[in-house]
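In: Fold the stuff below for me.
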Amino acid sequence: MKKFTLILALLLSMAACHGQPKRAAVDYVTTPEDRALAERVLADLRAHPGEEPGAQMVRAAKDLLGQPYVAGTLEELPEEKLCIYLTRTDCILFVETCLGLVRAARQEGDFEAFASELLHSRYRDGVCSRYEDRLHYTTEWARQGEKRGTVENISGSLGGVDLDHPVHYMSMHPDAYARMTDVHAIEVIEDRINAETSAYIPKSALKKALGGIRSGDIIFFNTRVDGLDISHCGIALAEPGKPVTFIHASTVPMKVVVEQKSLEEYVMGKKATTGIEVYRVR
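Out: The predicted model follows:
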């Protein structure tokens, strides 16, 4: 009888495990310092489970205030790897990191869940095998996020219009990308991006749109530079009684900060900026 009971318990255990498939292991590169910081932010987010995604985006962003701005961290290795760095970041990695932390925390996930979120956010269809697999254009990054249901472009509902500014900078300037080996693959991606339209809010419509921006929205800054789509990004901060501003990895103080200028002042003061795109976290 004892033997039968033991066998039955083993079968039930196997059935339970079969019903709960494990997340596939993610191959990544990080440091003990970066992992420790990520785990602290995840713990902070999990400690506030009732917060809306936007509020958690701001919480994660504030937890990373002061982290140094460092460009080119994803280009340091000789081959393409999922690199997870929080203690040195740039503008898009900062936004992507906050989004990944929030999504992992809302699933009660750990560092491995965070790594999985970054893999599926940073690489086309979650495949990281070569340089060209990475989503180099922010527009493609955002569109993949929309398809995954993680973000939504709300620019149109805020008075935005279709953006007519084709991307081709990478294929036209291959010498600027030392690790790019397949220019044709990039051209195909550029054609795919250009085949779809995206809404953006031009400078002339920004003032009216400000009232619809919420804390935690992702802000992309459109550029007039030929062939480029986005020049900068940040996380909106819309506090009662204060002008809308944003948190970002800034190249001025060279660290993550709450921008001292309002969003309107910042955009209007940049000649190369044509407007913004607003994405809400889902």
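
In: Where does the nearest residue to Gln67 once chain neighbours are set aside sit: helix, strand or coil?
Out: Closest residue in space to Gln67, ignoring its immediate chain neighbours: Val256 at 4.8 Å, by C-beta to C-beta, 6 or more residues apart in numbering. Using the backbone N, CA and C atoms, a C-beta is placed for each residue, glycine as well. Secondary structure for Val256, judged by DSSP: H, G, I helix; E, B strand; the rest coil, is strand.

In: What count of nearby residues applies to Val256?
Out: 25 (other C-beta atoms under 10 Å).

In: Same question for the one 4 residues further on.
Out: When neighbours are counted by other C-beta under 10 Å, Gln260 registers 11.

In: Is the closest residue to it other than its chain neighbours bridged to anything, and to what?
Out: The shortest distance from Gln260 to any residue other than its chain neighbours is 7.7 Å, reached at Thr245 (C-beta to C-beta, 6+ apart). Applying DSSP bridges to Thr245 yields these beta-bridge partners: Leu237.

In: okay, which residue is most central for the protein?
Out: Glu96 (2.2 Å; C-alpha atoms, centre = their mean).

In: Please name the residues that touch the residue nearest to Gln260.
Out: Going by C-beta atoms under 8 Å, 6 or more residues apart in numbering, Thr245 touches Ala236, Leu237, Val258, Glu259, Gln260, Lys261, Ser262, Leu263, Tyr266.

In: The third one contacts Ala249, doesn't it?
Out: No: look at Val258 against Ala249 with C-beta atoms under 8 Å: they stay out of range, at 11.8 Å.

In: re the thing from before, quick one: pLDDT of the residue nearest to Gln67?
Out: Val256 is assigned a predicted lDDT (pLDDT) of 98.

In: Surely it and Ala249 touch.
Out: Yes: under the criterion of C-beta under 8 Å, Val256 makes contact with Ala249 at 5.0 Å.

In: between the two, what contacts are shared?
Out: In contact with both Val256 and Ala249: Gln67, Tyr69, Thr89, Phe94, using C-beta under 8 Å, 6+ apart.

In: Can you flag the buried ones in those residues?
Out: Buried residues within those, counting neighbours by 16 or more other C-beta atoms under 10 Å: Gln67, Tyr69, Thr89, Phe94.

In: Just send these back as TSV, with secondary structure, distance to Tyr177 and pLDDT too.
Out: Putting those into TSV (DSSP: H, G, I helix; E, B strand; the rest coil; distance: C-beta to C-beta, whole Å; pLDDT from 0 to 100) gives the following:
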residue	secondary structure	distance to Tyr177	pLDDT
Gln67	coil	25	98
Tyr69	strand	21	98
Thr89	strand	20	98
Phe94	helix	21	98
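
In: so where is the stretch 101-250 of the chain shaky, pLDDT-wise?
Out: Scanning the stretch 101-250 of the chain for pLDDT under 70 picks out nothing.

In: Mind jotting down where the strands sit in it?
Out: Taking DSSP state E, counting those that start in this stretch as the criterion, the stretch 101-250 of the chain carries its strands at 151-153, 161-162, 199-202, 218-223, 230-237, 245-250.

In: what's the first one in contact with?
Out: Right, the one you point to is strand 151-153. Contacts of strand 151-153 (C-beta under 8 Å, 6+ apart): 99, 142, 145-146, 198-199, 218, 277-282.

In: what's the burial count for the closest residue to Leu163 other than its chain neighbours?
Out: Nearest residue to Leu163 in three dimensions, chain neighbours excluded: Tyr200, at 4.4 Å (C-beta to C-beta, 6+ apart). When neighbours are defined as other C-beta under 10 Å, Tyr200 has 26 of them.
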